[in-house]
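1. The following comprises the amino acid sequence and a computationally predicted model.
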Number of protein chains: 4
Amino acid sequence: MISGDSQRSPQPGAGFFEGPTHVLPLRVYYEDTDAAGIVYYANFLRFMERGRSDMLRLLGFDPVSMEIQGEKPSSEILFVVRRCEVEYLRPARLNDGLHVCTSLEKVGGASVTMKQAISRDGITLVDAIVRIACVAVNGHPQRMPAKIRDVFRSLMLNNEGNLRNAG
Amino acid sequence: MISGDSQRSPQPGAGFFEGPTHVLPLRVYYEDTDAAGIVYYANFLRFMERGRSDMLRLLGFDPVSMEIQGEKPSSEILFVVRRCEVEYLRPARLNDGLHVCTSLEKVGGASVTMKQAISRDGITLVDAIVRIACVAVNGHPQRMPAKIRDVFRSLMLNNEGNLRNAG
Amino acid sequence: MISGDSQRSPQPGAGFFEGPTHVLPLRVYYEDTDAAGIVYYANFLRFMERGRSDMLRLLGFDPVSMEIQGEKPSSEILFVVRRCEVEYLRPARLNDGLHVCTSLEKVGGASVTMKQAISRDGITLVDAIVRIACVAVNGHPQRMPAKIRDVFRSLMLNNEGNLRNAG
Amino acid sequence: MISGDSQRSPQPGAGFFEGPTHVLPLRVYYEDTDAAGIVYYANFLRFMERGRSDMLRLLGFDPVSMEIQGEKPSSEILFVVRRCEVEYLRPARLNDGLHVCTSLEKVGGASVTMKQAISRDGITLVDAIVRIACVAVNGHPQRMPAKIRDVFRSLMLNNEGNLRNAG
């Protein structure tokens, strides 16, 4: 009776872009909270990774094959988090509807820095800067495939355009 | 009967009903997987709780106030999992689009038994039976508020109707 | 100043055997609890896996190489959870000191069934039966390496001996 | 000064002090890893919180009553993470034996900054700075109880002593 056969696997990413910013709505479940009645601090990093993953998927990236818009990387690569700075401003609670907002801050040769904010009803709860590095399977830094860099840079340009329009 | 279109925060539950079965689509992220390359067995229980929560929300239940369709319980209650039986049939992997299907199996005075299945492309990966009990804040069993039982029972009737139609 | 160089990696498993039962003491941290102030139901399955892992390690099993007492499996295998039945009797709370008790129930050709209980101060909070299967990398059932079966069976005999002594 | 020998449940904190640095040994289980075969980045924050919790417990702090060495805070308070900066230097893998090292960096009136490092065999994998704030139940900053500040400061002095000895 229940069938899921119309569903492609992988589907496109969840969420949407508002200009250069990807927005992923999500819900706080019991699993996310702790005995203080609020979202456990490490779990915001799970939310942020969901935001980054869905942003990339919407940009045509497949996290399993590491292809972007159908173009394969020439060697096996991996994206890993190298650094994150997280500012916890206000707590989130059970059942809250949150937005994870992700935008690009800086695109380098082998890494990309993202700005992420988690908000509820337009109020920022958590602010973060996350640096992602491209590495080979042995863990060594690796230049990002040109196609990924291109996609990131065009999103950045989009970003600047929006800022100029906003000015 | 069941509508999820009002715009509040907390928002209505995610997913949708197919007859008496609630279906929650979700995505497998890195956080859900383990070093064997598959979804870690305990994480399916997180998925199942998301399914149950969103089913209840779509039925008009607020997990914070414990109100159902605006009606408050007469005393402070809590729903807790008393028992689960989980059959792991096939693995799920990174990036998979899954469906969490939840239906009611039995509605008692102080507990409700749910059937849950997690599938990918119509193929069941995980099958489960979960018994939820209504308890007072001291942990003692407590009769479910009549309104919740009514909502559950009307969903069950709906269920039988569908089965008859299917027969 | 801080040095960790005396530490072998992997170390032997944590916990200890009481007769045929492996006992792993652990602590409830914030990460384990939820907004109801109790340990989240899926997290007991994490505790149970820690118990099983450390029992196996104490028996001379290396979860990375899959060797047991230095003997390699003849082909690449994996242990996966096929089924679990979990009875939640009483809640656990922040800071609780728990014991995860694991013993063998039945050793088959390609699977092993374990009994697990989680207790606090000798009172059982959670009871479980978990069936673990040995599979090939393609997911197909695979006979357990003879050496593992031998180790399991000698633990089972140990078990029966203890039961007889107790009678 | 620091004793963990009394037998209650809750038990004293795990780990030990090496001078002013608390060291918590822990093991990487399947639950901690992801499909990239390494510890998922958010899970290091779980490890860090275990380190902080056990350091505090060894200092005589009870995370449930918020008492320190038997002295109750005069009003209801909570410790929350306000900020963390995490540098991921090298990956950790299944079965690794890790050390979580925690020391105090700065003790203010309403907050404390801790330095945390996670290492394997003496090699640092993750480096972090974590700022913890004392808040009232309404979330507003609250001066730390004098007793906690005293305990922290004596640990800091201990720290400086050690640094001088090392110089």
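-> Everything's here; your move. Note that the structure is predicted; figures quoted are calculated from it, not measured. Numbers count the residues shown, from 1 in each chain, chains lettered A, B, ... in the order given.
2. use CA for all of it now, contacts and neighbours both
-> Will do.
3. doesn't A:L155 fall inside a strand?
-> No: following the definition DSSP: H, G, I helix; E, B strand; the rest coil, A:L155 is helix and is not counted among the residues of a strand.
4. Point out where chain A drops to low pLDDT.
-> Screening chain A residue by residue with the criterion pLDDT under 70, one finds the ranges A:1-11, A:159-167.
5. again, 90 this time
-> With pLDDT under 90 as the threshold, chain A has low-confidence stretches at A:1-13, A:63, A:65, A:70, A:74-76, A:137-139, A:156-167.
6. A:Q69: what's its closest spatial neighbour, skipping adjacent residues?
-> With C-alpha to C-alpha, 6 or more residues apart in numbering or on different chains as the measure, A:G60 is the residue that lies nearest to A:Q69, at 4.7 Å, once sequence neighbours are left out.
7. my guess is that neighbour contacts A:I68, does it?
-> Yes: between A:G60 and A:I68 a contact is recorded at 5.4 Å, counting by C-alpha atoms under 8 Å.
8. Can you name the residues of chain A that neighbour chain C?
-> Chain A has residues A:30-38, A:40, A:94 near chain C, with proximity defined as C-alpha under 8 Å from any C-alpha of the partner chain.
9. Skip the chain neighbours and tell me the closest residue to the spatially most central residue of chain A.
-> Here the mean C-alpha position of chain A is nearest to the C-alpha of A:R52 (C-alpha atoms, centre = their mean), at a distance of 1.0 Å. Using C-alpha to C-alpha, 6+ apart and skipping residues adjacent in sequence, the residue nearest A:R52 is A:T102, 6.6 Å away.
10. What's opposite the closest residue to A:D62 other than its chain neighbours in the beta bridge?
-> Distance criterion C-alpha to C-alpha, 6+ apart; nearest residue to A:D62, sequence neighbours excluded, is A:I68 at 6.3 Å. Partner residues in beta bridges with A:I68, using DSSP bridges, are A:F61, A:E71.
11. what's near enough to touch A:I68?
-> Taking C-alpha atoms under 8 Å, 6 or more residues apart in numbering or on different chains as the criterion, A:I68 is in contact with A:59-62, A:147-148.
12. gap between it and A:N138?
-> 22 Å (C-alpha to C-alpha, to the nearest Å).
13. A:E67 now?
-> Using C-alpha to C-alpha, one obtains 19 Å as the distance from A:E67 to A:N138.
14. Which of the two has more residues huddled nearby?
-> Under the neighbour definition other C-alpha atoms under 10 Å in any protein chain shown, A:E67 and A:N138 were set side by side, and A:E67 has more, 17 against 9.
15. Let me see the contact set for the nearest residue to that one once chain neighbours are set aside.
-> Nearest non-adjacent residue to A:E67, counting by C-alpha to C-alpha, 6+ apart: A:F61, 5.8 Å away. Under the criterion of C-alpha under 8 Å, 6+ apart, the contact partners of A:F61 comprise A:67-69.
16. Among those, which one sits closest to chain C?
-> A:E67 (24.0 Å; C-alpha to the nearest C-alpha).
17. The closest one contacts A:P73, correct?
-> Yes: in this structure A:E67 lies within contact range of A:P73 using C-alpha under 8 Å: 6.3 Å.
18. Quick check: closest non-adjacent residue to the closest residue to chain C within chain A.
-> Per C-alpha to the nearest C-alpha, A:D34 is where chain A lies closest to chain C, at 3.8 Å. Take A:D34 and drop its neighbours on the chain: the residue closest to it by C-alpha to C-alpha, 6+ apart is C:D34, 3.8 Å away.
19. Can you give me every residue that contacts that neighbour?
-> Applying C-alpha under 8 Å, 6+ apart to C:D34 gives the contacts A:30-37, C:40.
20. Can you report how many residues neighbour A:P141?
-> Under the neighbour criterion other C-alpha under 10 Å, A:P141 is assigned a count of 18.
21. Please list the residues of chain A that sit near chain D.
-> Taking C-alpha under 8 Å from any C-alpha as the test, the list of chain A residues beside chain D reads A:41-43, A:45-46, A:81-89.
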